[in-house]
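Enquirer: need the 3D shape of this:
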Amino acid sequence: MKKKLSESMEVVLTVEPNLSIVTENMLAEWGGTPYSQLSVVLVHLKFLAEIHQNHHWTCMSDPFYGDHLLFARIYDATKCEIDSVAEKSIGMGSVANVDLRLMTSQLLKLVSGYGMTSTIPQSSDLARRSLLAEMNFLKVIDHMMVSLDECGMLSNGIDNMLQGIADVHEGHVYLLKQRCTKGMY
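Expert: All right, here's what the predicted structure looks like:
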């Protein structure tokens, strides 16, 4: 059962209550690869990019153009972060941190768990789905930073990178909340 999280401006979303279990399972699948927490963040970033790009492609009707640009903006910002996290995880860990087979497997699990269906959602649902994904991602970053810190692996550089990524995604949450509340008043 999912719990409700009330947000400001009367936006009500369902947040994944087992997110820490999901991320711990993902972490375990990396089999002790050094800095595997960065690999988990990387998979989640790739997931976010796919969601936002798909919403960019599939938005329609009113307010199509604004939504189209919003999802493009969020997708473009996320693409840059993917490269940064991948390079940092290889530099601090090894090329095993970007194992394509494992990342693809985990990405597929995230897509399945997200409730992606073969039907295209209504335009009004796209921003809500993106907002939910962004809010869950912020929880993933927090969880992985705690894990890195507990292992004594949270260097100033990694902390700075992940805090910067969190800052950008908090901006995405703001924009998506604004979009979700459009027309509510």
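
Enquirer: what bits of the protein have low per-residue confidence?
Expert: 1-17, 115-124, 182-185 (pLDDT under 70).

Enquirer: swap the cut-off to 90 and go again
Expert: 1-23, 31-32, 55-68, 111-125, 180-185 (pLDDT under 90).

Enquirer: ranges for the helices of it?
Expert: Taking DSSP state H as the criterion, the chain contains helices spanning 19-29, 36-58, 64-92, 100-113, 123-150, 156-181.

Enquirer: can you redo those as TSV with mean neighbour count?
Expert: Where C-beta positions appear, they are placed from N, C-alpha and C, glycine not excepted. Converted to TSV, the helices of the chain look like this (neighbours: other C-beta atoms under 10 Å):
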stretch	mean neighbour count
helix 19-29	16
helix 36-58	23
helix 64-92	17
helix 100-113	14
helix 123-150	19
helix 156-181	16
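
Enquirer: got a list of what Ser130 touches?
Expert: Going by C-beta atoms under 8 Å, 6 or more residues apart in numbering, Ser130 touches 51-52, 55, 71, 74, 172, 176.

Enquirer: at the geometric centre of this protein, which residue sits there?
Expert: Phe137 (3.8 Å; C-alpha atoms, centre = their mean).

Enquirer: which residues touch that residue?
Expert: Phe137 sits next to 44-45, 48, 169 when contact means C-beta under 8 Å, 6+ apart.
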